[in-house]
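Enquirer: What would the 3D arrangement of this be:
(chains A and B)
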Amino acid sequence: MNPRTARTALAVATVAVLASACSLSSGSGGDAQQTPEVTLVTHNSFVAPQDVLDAFQRRAGIKLKVVKYGDAGELTNKLVLTKANPIGDVAYGVDSTFASRALGEGVFQPYTSPEADRGSQRYAVDPEHRLSAVDLGDVCVNVDSGYFAGKSLPEPKTYDDLADPKYKDLTVAEDPATASPGLAFLLGTIAKFGEQGWQGYWTKLKANGLKVDSGWEEAYTKDFSGSSGKGPRPIVVSYASSPAAEVGDDGKPRTKALLDTCYRQVEYAGVLTGSKQAPEAQKVVDFLLSQQFQTTVAANMYVYPARQGVDLPAGWAQVAPLPTSPATLPADQVQAGREKWIGAWRSLMGA
Amino acid sequence: MALAHGGLTPARTVRTAGLALLGLLPVAFLVVFFAWPVVAIVGRGFSAGGVDTVLGDPQTWRLAGFTLASAAASTVVAVLAGLPVAYLLARVRLPGVGLARTLVLVPFVLPTVVVGLAFRAIWPDGGVLPLVLANAFFNVAVVARTVAGLWSHLDPRATEAARALGASPWRAFRTVTLPALGPAVASAAAVVFLFCATSFGVVLILGGGHYRTLETEIYLRTVDLLDLSGAAALSLIQFAAVLAALALGAMARRRRENAVRLRSALVTARRPRGGEWWTIGAAVVVLALLMTPIVALLVESVSGSDGWSLAGYRALSGTGANDALQVSGWTAAKNSLAAATDATLLAMAVGVLASVVLVALRRAPGRLARGMGETMDAALMLPLGVSAVTVGFGYLVTLDALPGDLRTSPMLVPLAQALVIIPLVVRMVLPVLRAVDVRLRQAASTLGASPARVWREIDLPLTARSLVAAAGFGFVVALGEFGATSFLARPDAPTLPVAVATLMGRPGELNNQMAYAACALLMVVTVAAVALIDRFGSVRGHGSVGEF
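Expert: Here you go, the predicted model:
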């Protein structure tokens, strides 16, 4: 070993470590002495206006730190893995597909928010009130109205229409193993055709030229004809709220959600079992259910508020109304069947 | 300790101890931020049981077979496409070669979701072919630049001699040049193979569920199914494959050091003549193909539903339609720069220290030291071959044991990015450090130079350029890093690639345009950084910037 080389490296290293320490620390620090900090873990789709968050922090006297962890499934699994020493105090975004796993693993502790009596209890999954419903989103088949008008072909309306030869090679859906709308669509068909019948329906879909993409991005932005990508297929599995983003310059919607093909996913929030600041975490749950927060969810996250009497953004009533009778499956049936169904779906579709 | 015997002087003992201490730092970093999390998460899978069932499942081995075969195919394509480009960069003196050298690196940092969608535009149904081509697309740069690095210093006189003795140009290339380049090609191929065998987003988008690899299956089982024992079993197979690729690469590197005679790059580049233009043609075709998705992407960024539009670029100052992002596009760009800077500093500290120790171990007497060196060299490359999801989930189950609970810290992003670029830094710095002649330093000392002066006059001029190149290159890779970053980035601090993915995941034309504009921004920053590195790297053709 040559000592000079060592010294060179040591100098470089010292400078580097000091420099990185400087720039690393600049992000944190600050006024954490007095106000308790509560960590909210959520999924990647979480968006809230900063002024609403700021107002809450001032009012409640807590500092809210938001950490995003993938999609609903990934979030749930991370909460399960870290339940002994949780990564936060309160979690938001575990949905009805994964609620059973989280509850079964004891991730959440009981808490009944005073705000929950404003409608959110309609979607309760748990008699112990460990989870409170915050919002709901419906996965529905969307169609490109312009395409069908141009071909003088009536728009499809039901699941069965998608298997009709009239609509051959027109539909694109997502893989239920890799995309949550794909899973919701699969669950919708199971709710509709039953545990015995869904495979027969999918066999027909496949024969009718259904295309399966691995993610929503490819399906919606590349293959679907009704959005920016102007793809070849006018029928896509997306959300009931998607048409709200596709309003033309004339103020008219270019796409439409088929309200008879919807599957409802409810997203929940709860206080984590291992939280050391349960009282403050409870305030965050109250906030998520409050009128102030609930009015922001539609425009920011493309979901519908769970609270009653919250106004939707202008135009949603025409463009993206909340489906009145979406399909649902009980959370424990989903928990028990999910992997089995995905496995069967994969071999059926030749994946 | 064996080294303590045999009458070492106190000074040497101190040096040896210092070396050991120095070696401990990078090792400690890798143990804490890589080995421990990975072992912990894989260990959980084992304790859950059922690993043997997965290993015994023929489906698993079909998966492994497809992973290896498609990665091998991509590697072959990348090597075949990379060689003419390497020739162009190394041997040819024509206007525009410098630009080609810079541009060839751009594909390497593009977000996978964007490249996946670009390839989907050409092959709407996905399949094996676009999958193989897309993985090759990302990695042509690795082959071109690694091989060019050696080729530009290769003594052309051997080839000329063969030609003078009547060998055809092809024969001279095959029997003289290619064997000399072989080690660099093999070394690059090993790295490319690692990248391809563990690529995730591309397989997901272009494999369309029909074609799955170990990596996508590990991801699926970990993230969606929480089937940790299945993921652990697959991780083991991937690990074995990675070790094999590393061993091959290491063997190739060892062969080179004795085989090659280097010349200054200035002497070797010249105007092409005769049949050499065919090779130039091939290189130009490859470059044109590489630029196609990039141009398509630029076009997308300025297209709206009613023709040309700069709305996507204007939107960068905001948060997208319906506040798709929590911060503006420019802030995301700033976050990218900050995280990549931190990651580069960290990686340089660890990587340079590790290289210094590796050089010393190599020069140290005895098999033990050399064995330790080889083991450490291989271990430093492992982060390239282990799935980001394994590391990310590993962080969750381990890092709470450290003071300060790093799991939700903004530091995690630079840490994870550093992990990815440390292997690249080592591969670039190590050969140059090895090449610094010890006798120069000894001579300077003997002539009375102070240690500081020796450092200033000898070490710094000889290594500075490769340090800058490694830092710049690491910076560029950190800028584009997506896998680990998307796992760990916080919503109030997304990097540019994370912002692109978020925007792509939202409906609405503006978000789409903005995503493409953000990609264009990423490319501009990349090109600027690479151009800067190359200015430093090849000013006087003196001292290689190292392999890659």
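
Enquirer: what number of residues lie near residue A:311?
Expert: 12 (other C-beta atoms under 10 Å in any protein chain shown). Any C-beta I mention is one placed from the backbone N, CA and C, and that applies to glycine too.

Enquirer: and the stretch 151-300 of chain B, which of its residues are near chain A?
Expert: B:204-205, B:207-210, B:212, B:220, B:222-227 (C-beta under 8 Å from any C-beta of the partner chain).

Enquirer: which among the residues you listed gets closest to residue A:172?
Expert: residue B:208 (10.8 Å; C-beta to C-beta).

Enquirer: related to what we said a few turns ago, cross the residues of the stretch 151-300 of chain B next to chain A against helices and list the overlap.
Expert: B:204, B:205, B:207 (DSSP state H).

Enquirer: Closest one of these to chain A?
Expert: Checking those against chain A with C-beta to the nearest C-beta, the nearest one is residue B:204 at 4.7 Å.

Enquirer: That closest one contacts residue A:178, doesn't it?
Expert: Yes. Counting by C-beta atoms under 8 Å, residue B:204 does reach residue A:178; the two are 6.3 Å apart.

Enquirer: Give me the more crowded residue out of those two.
Expert: More crowded of residue B:204 and residue A:178, by other C-beta under 10 Å: residue B:204, with 28 against 24.

Enquirer: From residue A:53, how far off is that one?
Expert: 33 Å (C-beta to C-beta, to the nearest Å).

Enquirer: Same question for residue A:215.
Expert: 29 Å.

Enquirer: And the helices in the stretch 201-350 of chain B?
Expert: Using DSSP state H, counting those that start in this stretch, the helices found in the stretch 201-350 of chain B span residues B:201-207, B:214-219, B:228-259, B:265-268, B:276-301, B:311-315, B:329-363.

Enquirer: Residue B:148 is nearest to which of those?
Expert: helix B:265-268 (9.4 Å).

Enquirer: what is the mean pLDDT for the closest one?
Expert: For helix B:265-268, mean pLDDT is 59.

Enquirer: Stretch B:224-235 too?
Expert: On average, the pLDDT along stretch B:224-235 is 89.

Enquirer: So, low pLDDT: which residues of chain B?
Expert: B:1-16, B:19, B:208-209, B:253-268, B:322-323, B:436-437, B:455, B:459-460, B:490-492, B:536-548 (pLDDT under 70).

Enquirer: Spatially central residue for it, please.
Expert: residue B:424 (5.3 Å; C-alpha atoms, centre = their mean).

Enquirer: which residues touch it?
Expert: Contact partners of residue B:424, counting by C-beta atoms under 8 Å, 6 or more residues apart in numbering or on different chains, are B:470, B:473, B:474, B:477, B:548.

Enquirer: hmm, back to that, okay, residue A:215 and residue A:53: which has more neighbours?
Expert: The neighbour comparison of residue A:215 against residue A:53 (other C-beta under 10 Å) goes to residue A:215, with 25 against 18.

Enquirer: measure that one to residue B:60 for me?
Expert: From residue A:215 over to residue B:60 the distance is 24 Å, taken as C-beta to C-beta.

Enquirer: Could you do residue A:197 as well?
Expert: 32 Å.

Enquirer: In terms of neighbours, single out the busier of these two.
Expert: Set residue A:197 next to residue B:60 and count neighbours by other C-beta under 10 Å: residue B:60 wins out with 18 against 12.

Enquirer: Quickly find the element holding the nearest residue to the more buried one once chain neighbours are set aside.
Expert: Nearest residue to residue B:60, sequence neighbours excluded (C-beta to C-beta, 6 or more residues apart in numbering or on different chains): residue B:54, at 5.6 Å. Applying DSSP states H and E as the criterion places residue B:54 in helix B:51-56.

Enquirer: Name the residues of the stretch 151-300 of chain A found near chain B, please.
Expert: Counting by C-beta under 8 Å from any C-beta, the residues of the stretch 151-300 of chain A that sit close to chain B are A:175, A:177-178, A:211-218, A:220-223, A:227-229, A:231-232, A:238, A:242, A:245-246, A:299-300.

Enquirer: Quick check: buried residues in the longest helix seen in chain A?
Expert: Scanning chain A for the helix with the most residues, using DSSP H, yields helix A:180-207. Buried residues in helix A:180-207, defined by neighbour count with 16 or more other C-beta atoms under 10 Å in any protein chain shown: A:180-193, A:198-199, A:201-202, A:205.

Enquirer: angle of the helix or strand residue B:194 falls within against helix B:228-259?
Expert: Using DSSP H and E, residue B:194 maps to helix B:178-197. For helix B:178-197 against helix B:228-259, the angle by axes from the mean of the first three to the mean of the last three C-alpha atoms, to 10 degrees is 160 degrees.

Enquirer: quick revisit: joint contacts of residue B:204 and residue A:178?
Expert: Residues touching both residue B:204 and residue A:178 by C-beta under 8 Å, 6+ apart: A:214, A:215.

Enquirer: which ones are touching residue B:86?
Expert: B:143, B:144, B:145, B:146, B:147, B:148, B:151.

Enquirer: Counting neighbours, which of these comes out on top?
Expert: Ranked by the number of neighbours (other C-beta under 10 Å), the contacts of residue B:86 place residue B:144 first, at 33 neighbours.

Enquirer: Let's verify that residue: helix, strand, or coil?
Expert: Recorded secondary structure, residue B:144: helix (DSSP: H, G, I helix; E, B strand; the rest coil).

Enquirer: Go ahead and confirm it touches residue B:89.
Expert: Yes. Contact criterion C-beta under 8 Å: residue B:144 and residue B:89 qualify, at 6.2 Å.

Enquirer: Now do the shared contacts for the two.
Expert: residue B:104.

Enquirer: who's in contact with the residue nearest to residue B:385 when sequence neighbours are not counted?
Expert: Closest residue to residue B:385 apart from its sequence neighbours, by C-beta to C-beta, 6+ apart: residue B:242 at 3.1 Å. Applying C-beta under 8 Å, 6+ apart to residue B:242 gives the contacts B:194, B:197, B:198, B:382, B:384, B:385, B:386.

Enquirer: What segments of the chain are strands?
Expert: In the absence of a named chain, this looks at chain A. Along chain A, the stretches classed as strands by DSSP state E are A:37-42, A:63-68, A:90-95, A:108-109, A:132-144, A:171-174, A:211-213, A:235-239, A:255-257, A:263-272, A:304-305.

Enquirer: should've been chain B
Expert: Counting by DSSP E, chain B has strands at residues B:303-304, B:307-308.

Enquirer: Include distance to chain A and mean neighbour count when you put those into TSV, please.
Expert: Below are these laid out as TSV (distance: least, C-beta to the nearest C-beta, whole Å; neighbours: other C-beta atoms under 10 Å in any protein chain shown):
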stretch	distance to chain A	mean neighbour count
strand B:303-304	9	16
strand B:307-308	13	8
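
Enquirer: quick one, which of these is nearest to residue B:100?
Expert: strand B:303-304 (26.9 Å).

Enquirer: strand partners of the closest one, parallel vs antiparallel please.
Expert: strand B:307-308 (antiparallel) (DSSP bridges).

Enquirer: Centre of the chain to the partner strand, how far?
Expert: 37 Å (C-alpha atoms, centre = their mean, to the nearest Å).

Enquirer: try stretch B:233-246
Expert: 18 Å.

Enquirer: Please point out which parts of it sit buried.
Expert: For stretch B:233-246, a neighbour-count test (16+ other C-beta under 10 Å) marks B:233, B:234, B:235, B:236, B:237, B:238, B:239, B:241, B:242, B:245, B:246 as buried.

Enquirer: Let's see the pLDDT reported for residue A:295.
Expert: We have a pLDDT of 95 for residue A:295.

Enquirer: how close does the closest residue to it other than its chain neighbours sit to chain B?
Expert: Excluding the flanking residues, the one nearest residue A:295 by C-beta to C-beta, 6+ apart is residue A:310, at 5.5 Å. From residue A:310 across to chain B, the span is 17 Å (C-beta to the nearest C-beta, to the nearest Å).

Enquirer: tell me the phi and psi of residue A:310?
Expert: Main-chain dihedrals, residue A:310, degrees, to the nearest 10: phi -100, psi 130.
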